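>>> sequence first, then the predicted structure:
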Amino acid sequence: MPELPDVETFRRYFGATAMKKKITDVQVLREEILEGVGAERYRRRARNRTPVSSHRHGKHLFIGLDDGSWLTFHFGMTGFFKYYQDDPGESEHPRVVFSLDNGYRLAYDCSRLLGRVGVCDAPDDFIAEKDLGPDALSPDLDAESFVDLMVGRRGMIKSALMNQSVLAGVGNVYSDEILLQCRMHPKEKVTDLSENDLHRVHGAMREVLTTAVDRQADPERMPGDFILPAREEGASCPVCGGGLQKIAVSGRNGLYCPRCQKLKN
Ligand SMILES: [Zn+2]
């Protein structure tokens, strides 16, 4: 599932391909992918407009158009962009296709239809409406602000990291990486964590996300002490070589190392 590093990679991909190319036509192939707008209106809003800027917040991508409005993209479990001239390549489930004035197209592909595409007038309003917390890589989210977000929060640390209203961008996969890197058990209660523990989580979060963004969210390019290159039950812990185990938190199946990540009490 696309998390912050993946969506940042999509943002850069858009920037390197369709940015500044006038949209000459829009095909909506599956209308249920649209959120809060019908196909005809979506087409009218995007057509003959030129993408001029981009902004990412958590797992949401915003593309600014030359009339001041914004296209919004969420990638669900399986979403991605594909830019092409004639052969759409790996894009086998295009849901919205933008034709561009250089003869190329940009497909928003989403096989499982769990992503969402829409329009908005201002990203800040959209973010407020979705009740999203601060972006996990926002420069404003320093260790102190992170502690403020977590203090007094009930529940487990992995749930808090994945809760998009607390903090936007981290999901099942990257919360596992973050917690392994700071050697913390996923079910540790937030209320049992000291300020120092929370600083460790914050540090690991920034390190893991920055590293993953630098490596274009490609599992094969991740450092040797990340789980991502071999993310499966029974795989070896990349830190100690022990067996990783499945752990269910907030309805998601995470992975952790019982040797490296012990409960405090
Ligand atoms: Zn281990």
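Thanks, I have it.
>>> distance-wise, check the closest residue to the ion within the stretch 51-200 of the chain relative to residue 251.
Of all residues in the stretch 51-200 of the chain, the one sitting closest to the ion is residue 180 (7.3 Å; CB to the ion). (Each C-beta comes from the backbone N, C-alpha and C, glycine too.) According to CB to CB, to the nearest Å, residue 180 stands 20 Å off from residue 251.
>>> can you tell me the helix or strand for residue 185?
Counting by DSSP states H and E, no helix or strand carries residue 185.
>>> near residue 123, how many other residues are there?
17 (other CB atoms under 10 Å).
>>> swap that for residue 177, please
28.
>>> what's the answer for residue 263, then?
Residue 263: 12 neighbours (other CB under 10 Å).
>>> phi and psi next, for it.
The phi/psi pair for residue 263 (degrees, to the nearest 10) reads phi -70, psi 140.
>>> that one: what's it in contact with?
Contacts for residue 263 were tallied using CB atoms under 8 Å, 6 or more residues apart in numbering; they are 185, 187, 188.
>>> ok, the second one - contacts?
Spelled out, that is residue 187. Here residue 187 is in contact with 156, 157, 158, 247, 249, 263 (CB under 8 Å, 6+ apart).
>>> am I right that the fourth one is in contact with residue 256?
What it means is residue 247. Yes: the criterion here is CB atoms under 8 Å, and residue 247 meets it with residue 256 at 5.3 Å.
>>> any shared contact partners between those two?
Joint contacts of residue 247 and residue 256 (CB under 8 Å, 6+ apart) are residue 186.
>>> and those two? Which one has more around it.
Set side by side, residue 247 and residue 256 show more neighbours around residue 256, with 22 against 19, by other CB under 10 Å.
>>> sorry, back to before: okay, the contacts of residue 263 in JSON lines with distance to the ion and pLDDT next?
JSON lines is the format used below for those (distance: CB to the ion, whole Å; pLDDT from 0 to 100):
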{"residue": "185", "distance to the ion": "12", "pLDDT": "98"}
{"residue": "187", "distance to the ion": "16", "pLDDT": "98"}
{"residue": "188", "distance to the ion": "16", "pLDDT": "97"}
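>>> what bridges to residue 27?
When bridges are called by DSSP bridges, residue 27 pairs up with residue 97.
>>> that one - how many residues pack around it?
14.
>>> and for residue 253?
11.
>>> residues in a beta bridge with residue 56, which ones?
Assigned bridge partners for residue 56, using DSSP bridges, are residue 61.
>>> quick one: it and residue 70 touch, right?
No: applying CB under 8 Å as the test, residue 56 and residue 70 come out as separate, 11.9 Å apart.
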